[in-house]
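**Q** Got a predicted structure plus its sequence, pasted below:
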Amino acid sequence: MKEKLLKIFLEHEGEYVSGEKISQELGCSRTAIWKHIEELRKNGYQLDSAPRKGYRMIFKANGIHTHEIKQYLKTEFLGQELTYFDEIDSTQFVAQKLAQSGVEEGHVVVANEQTAGRGRLGRIWHSKPNSTISMSIILRPELPPQKTPQLTLLAAVAVVRAIKKNTGLSCDIKWPNDILLGGKKLVGILTEMQADPDLVHSVIVGIGINVNQDEDDFADDIKDIATSLKVASKHTVDRARLIADLLAEFEWLYQQYINEGFGMIRPLWESHCISVGTNIYARTMKEVIYGYAKGITDDGVLLVEDEKGKVHSIYSADIEIDPST
């Protein structure tokens with residue numbers, strides 16, 4: 001009901017809407033309307049009321065409650081079921097439990113703040129309240145386990161496309177799961193799988209985006225290597241709209257992927273990737289490999305040719321581009 005009410009106010013932005021008109025469109029009483037409006041006010045919306053005129057929205061909150069995302073959502077299944085938390089340890093933890101409980105594919109967990117967000121290799125992902133996007137998407141693809149890394153690359157393409165649509169900013173992808181803007185970290189993607197040796201039960205795609213932080217919001221240890229959409233664009237970004245657009249991009253790419261395979265995703269990913277076609281340092285858990293990044297396999301594995309001509313298959317590593325190349 002709240003997303004329908006928000007839609008009415010957005011369609012009549014800056015105008016008063018009578019209680020009678022709202023009642024007719026929503027099919028509920030004036031008392032029920034008043035209660036929903038009070039809930040919107042508690043969520044940070046400023047709504048003016050005037051006798052014989054009705055209600056008017058004078059300030060739109062930049063929230064990511066379920067009703068705020070759904071007012072923009074245009075997907076068939078991704079995000080149609082949403083679980084929202086104002087504060088949570090990790091959306092990944094919740095999504096894993098929901099997946100195990102049997103929720104449908106496309107269920108999305110969203111949090112306004114994460115207190116124990118994780119990046120790759122167990123690193124901490126900082127999540128400032130009211131400024132970031134922390135979300136996890138539950139997928140149930142009929143894939144062999146070795147194909148699931150492709151979904152990380154698909155997610156990166158979806159995020160880059162959604163950011164471009166919302167802000168006009170062009171981002172770079174650094175294999176396997178970092179999205180950079182002006183050379184600084186903007187987005188992290190963490191893909192985790194629940195599977196048997198030959199059967200995938202679910203894939204949880206976690207996405208963290210720095211959206212509306214100011215430069216001073218970043219901790220001293222990351223402020224030189226991290227940025228936000230607001231810092232880069234000089235404008236506040238509507239988080240709910242960005243989430244809805246991201247889910248729409250993800251769903252379209254995912255459906256193409258399931259029907260046609262990774263072939264159509266790969267060139268989209270490569271067109272944004274900065275760690276392919278250059279010399280890199282690949283720091284794995286066991287060694288540091290220096291060489292030329294030739295590209296990725298259909299399974300999303302990075303191929304690096306070292307100075308002796310040996311081609312290494314890199315499944316997981318920290319990548320640093322050699323600035324001299």
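**A** Cool, got the structure.

**Q** With adjacent residues omitted, what lies nearest to residue 324?
**A** Leaving out its chain neighbours, the residue that sits closest to residue 324 by CB to CB, 6 or more residues apart in numbering is residue 279, at 7.7 Å. No exception for glycine: its C-beta is placed from N, CA and C like everyone else's.

**Q** from memory that neighbour sits against residue 304, does it?
**A** No - if you go by CB atoms under 8 Å, residue 279 and residue 304 don't touch, sitting 9.2 Å apart.

**Q** ok, the two, which is more surrounded?
**A** residue 304 (24 against 16; other CB atoms under 10 Å).

**Q** Name whatever forms a beta bridge with the more buried one.
**A** Residue 304 has these beta-bridge partners by DSSP bridges: residue 293, residue 312.

**Q** that older thread, so what sits against both of residue 279 and residue 304?
**A** Taking CB atoms under 8 Å, 6 or more residues apart in numbering as the contact rule, residue 279 and residue 304 both touch 291-293.

**Q** Identify, from those residues, the entry nearest to residue 241.
**A** Taking CB to CB as the measure, residue 241 sits nearest to residue 293 out of the shared contacts of residue 279 and residue 304, at 34.7 Å.

**Q** Make sure the closest one is actually in contact with residue 304.
**A** Yes - using CB under 8 Å as the test, residue 293 is close enough to residue 304 to be in contact (5.5 Å).

**Q** what sits in contact with each of the two?
**A** residue 280.

**Q** Roughly how far does residue 39 sit from residue 68?
**A** 12 Å (CB to CB, to the nearest Å).

**Q** More neighbours: these two, which one.
**A** Shown here are residue 39 and residue 68; by other CB under 10 Å, residue 68 has more neighbours (27 against 15).

**Q** Now the nearest residue to the more buried one once chain neighbours are set aside: phi and psi?
**A** In space, and not counting its chain neighbours, residue 68 is closest to residue 240: 4.1 Å by CB to CB, 6+ apart. Here is the backbone geometry of residue 240 (degrees, to the nearest 10): phi -60, psi -40.

**Q** Any buried residues in the one helix or strand residue 188 maps to, and which?
**A** Per DSSP states H and E, residue 188 falls inside strand 184-196. By neighbour count on 16 or more other CB atoms under 10 Å, the buried set for strand 184-196 is 184-192.

**Q** what do you get for stretch 95-106?
**A** 95-96, 98-99, 103, 105-106.

**Q** Residue 130: which of these is nearest?
**A** residue 95 (21.6 Å).

**Q** ok, now which ones touch the closest one?
**A** Neighbours of residue 95 in contact, by CB under 8 Å, 6+ apart: 107, 109, 136-138, 204, 206.

**Q** what about the residue nearest to it when sequence neighbours are not counted, neighbour count?
**A** In space, and not counting its chain neighbours, residue 95 is closest to residue 136: 3.8 Å by CB to CB, 6+ apart. Using other CB under 10 Å, residue 136 is surrounded by 27 other residues.

**Q** can you check residue 83 too?
**A** For residue 83, the count of nearby residues is 18 (other CB under 10 Å).

**Q** now do residue 235
**A** Counted with other CB under 10 Å, residue 235 comes out at 11.

**Q** How about it: what's its closest non-neighbour residue?
**A** Residue 235 sits nearest to residue 167 (CB to CB, 6+ apart), 7.5 Å away.

**Q** Please report how far that neighbour lies from residue 317.
**A** With CB to CB as the criterion, residue 167 and residue 317 are 30 Å apart.

**Q** Comparing those two, which residue is more hemmed in?
**A** Shown here are residue 167 and residue 317; by other CB under 10 Å, residue 317 has more neighbours (23 against 18).

**Q** so the more buried one makes contact with residue 282?
**A** Yes - if you go by CB under 8 Å, residue 317 and residue 282 touch, sitting 4.2 Å apart.

**Q** what is in contact with the two at once?
**A** 289, 302.

**Q** for residue 284, what are its contacts?
**A** Counted by CB under 8 Å, 6+ apart, residue 284 has contacts 314, 316-317.

**Q** Quick one: the helices in the chain, in order.
**A** 2-11, 19-26, 30-42, 66-70, 91-101, 149-167, 229-233, 239-260, 265-270 (DSSP state H).

**Q** Quick check: which of those helices is nearest to residue 200?
**A** Closest among these, once you apply CB to CB, is helix 149-167, at 10.0 Å.

**Q** Next, the buried residues of that closest one.
**A** Quick answer for helix 149-167 (16+ other CB under 10 Å): 149-163, 166-167.
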